[in-house]
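*Asks:* got a predicted structure plus its sequence, pasted below:
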2 protein chains.
Amino acid sequence: MQVETRDEAMTVIQRELTTFARRARAAAARLHPRLSLVSATLLTHVAEHPGCRAADLAAHYLLDKSTISRQVAALERLGLVERRTAEDDHRAQVLHLTPAGAEVLADYVTARRQAFEQRLAGWSEEDLRRFAICLTRYNDGF
Amino acid sequence: MQVETRDEAMTVIQRELTTFARRARAAAARLHPRLSLVSATLLTHVAEHPGCRAADLAAHYLLDKSTISRQVAALERLGLVERRTAEDDHRAQVLHLTPAGAEVLADYVTARRQAFEQRLAGWSEEDLRRFAICLTRYNDGF
DNA sequence: ACCTGATAGGTGTATCGTACAGCCATATGG
DNA sequence: CCATATGGCTGTACGATACACCTATCAGGT
């Protein structure tokens, strides 16, 4: 597949992003049987934004608040996150990882890391940097 | 977020790819209410590989054959694809788009195109080309 | 102080996408 | 000509999700 023109590039980007999206769930399931892609992403976000709220997660992942509510409830039941009423607003719940949650997440990150290391083994540092920048720029567009 | 080292780049790639994957379904739903992401990807694959089989789809998207079977059955019920017994192997069904399927897919592609045009408006041709190449290379790794 | 509307989140319910196990029909190779 | 492999389908169960609606709380205006 040659990528000569702007149009061709656009077409390829669409196709490849879509293919990736469709494969992601299955790939993640293979990666770590104990933690689904969904749980992993929510844990990741909570880890990177301690004290965040359900609404933040919903906004970031474009999900309904009811979905988030259930997912967070499940994570709480598993003892991976902790919900505490916010001091400044008693409607809101602030989220934090529990030690167990941090541990499971660390496991997941390690497994994913290995998979990516393998997957991106042939890439030069410059290639990786470019890819990282492209992706970040793309996602920030939302 | 600076991307200085190989490690940082790898981390960013993982995070951004995951975020993208998690947003994809919702984004696709907004794009075209009549055609889910799933249907669209299957139609796309059939369009690009006329006469392909259910097993090809399963392999390409890392899905169970039962899933594909049902999805294809749904598309057939909607009159978007046609299943015909293969001449060389009477167990297999070869898949083709119907005219209606081609039309719906064209609609979808147009809508997606517009969304991407907007999304990637600020990108130079060179940026797009690089992104396209990165993504293709990444997906081909499977 | 009170209404009023907005906001954070949870529940009821329905649907879709998916996997796994097991089935049948056909094909292929000793 | 049988044994095994392969392509696909069905039964069943579950997870993720949305939409509509509910409750509790907050913030502003009178």
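*Replies:* Structure's in. What do you need? Bear in mind the structure is a predicted one, so any value in this text is a computation, not a measurement. Numbers count the residues shown, from 1 in each chain, chains lettered A, B, ... in the order given.
*Asks:* up against DNA strand D, what does chain A have?
*Replies:* A:36, A:38-39, A:62-64, A:66-67, A:70-71, A:74, A:88-91 (Cβ under 7 Å from any atom of the strand). Glycine gets a C-beta too; all of them are placed from N, C-alpha and C.
*Asks:* so which of these belong to helices?
*Replies:* Using DSSP state H, the subset of the residues of chain A next to DNA strand D located in helices is A:38-39, A:66-67, A:70-71, A:74.
*Asks:* any idea how far B:T19 is from the closest residue to A:G101 other than its chain neighbours?
*Replies:* Nearest non-adjacent residue to A:G101, counting by Cβ to Cβ, 6 or more residues apart in numbering or on different chains: A:L80, 3.4 Å away. A:L80 sits 20 Å away from B:T19, going by Cβ to Cβ, to the nearest Å.
*Asks:* the two: who's more crowded?
*Replies:* Neighbour count, other Cβ atoms under 10 Å in any protein chain shown: between A:L80 and B:T19, A:L80 has more, with 23 against 20.
*Asks:* show me what contacts the more buried one?
*Replies:* Listed by Cβ atoms under 8 Å, 6 or more residues apart in numbering or on different chains, the contact set of A:L80 reads A:39, A:43, A:97-98, A:100-101, A:104-105.
*Asks:* separation between it and A:L120?
*Replies:* A:L80 sits 28 Å away from A:L120, going by Cβ to Cβ.
*Asks:* any idea of the mean pLDDT for the helix or strand containing A:Q14?
*Replies:* In the assignment (DSSP states H and E), A:Q14 maps to helix A:6-31. For helix A:6-31, the mean pLDDT works out to 92.
*Asks:* could you give the angle of that helix to helix B:6-31?
*Replies:* For helix A:6-31 against helix B:6-31, the angle by axes from the mean of the first three to the mean of the last three Cα atoms, to 10 degrees is 110 degrees.
*Asks:* ok, helix A:6-31 near chain B or not?
*Replies:* Yes. Helix A:6-31 lies within reach of chain B by Cβ under 8 Å from any Cβ of the partner chain, at A:6, A:8-10, A:12-27.
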